[in-house]
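J.: 3D model of this:
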Amino acid sequence: MCRESQCAIGSFSDSIDFAQEFSTNHNIQNVTFYKINFFEFQSKFTYDAIVCNGVLHHMPDYLTAVTSIDQLLEGKGKLIVGLYNPYGKLAKKLFSIKYVNQVLFLDQERVPFELTFNYKQ
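T.: Numbering: from 1, shown residues only. So this is what the prediction gives:
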């Protein structure tokens, strides 16, 4: 994630705007969105569960990010992580992909940094 002033136009971090609109349209009120550099995020709270999906594989310093996330967890809190694996984009090489919206296209095709992880990693 990045601060709005630091984001390139059309940055994949615009997906948070899509999520915010979705929550508004579906009357989801118990969620807060932050569009900020992850390493600048601070919270006075700890959390029972953190879902980190589609994030760490876009961070060059992902190990520091995991340590920071761990500090946000309450005692035996749970961290749920979703990462790209080496075969995750295999379908793109075999089939033509038609994206249903610009946010998804940018997230999949215009990402400035991306890693993949196998199960053991």
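
J.: quick one: the helices in the chain?
T.: For the chain, the helices defined by DSSP state H cover 15-25, 62-72, 90-94, 102-109.

J.: need these in a markdown table (columns: mean pLDDT and mean neighbour count).
T.: All C-beta atoms are positioned from the backbone trio N, CA, C, and that covers glycine. As requested, those are exported to a markdown table (pLDDT from 0 to 100; neighbours: other Cβ atoms under 10 Å):
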| stretch | mean pLDDT | mean neighbour count |
| --- | --- | --- |
| helix 15-25 | 88 | 13 |
| helix 62-72 | 92 | 13 |
| helix 90-94 | 78 | 9 |
| helix 102-109 | 76 | 15 |
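
J.: distance-wise, check Glu75 relative to Phe113.
T.: Residue 75: Gly, not Glu. For Gly75, the distance to Phe113 (Cβ to Cβ, to the nearest Å) stands at 33 Å.

J.: what sits against the residue lying closest to Asp70 once chain neighbours are set aside?
T.: Of all residues not flanking Asp70 in the chain, Leu79 sits nearest, at 7.1 Å (Cβ to Cβ, 6 or more residues apart in numbering). By Cβ atoms under 8 Å, 6 or more residues apart in numbering, the contact list for Leu79 reads Ala49, Ile50, Cys52, Ile69, Asp70, Leu73.
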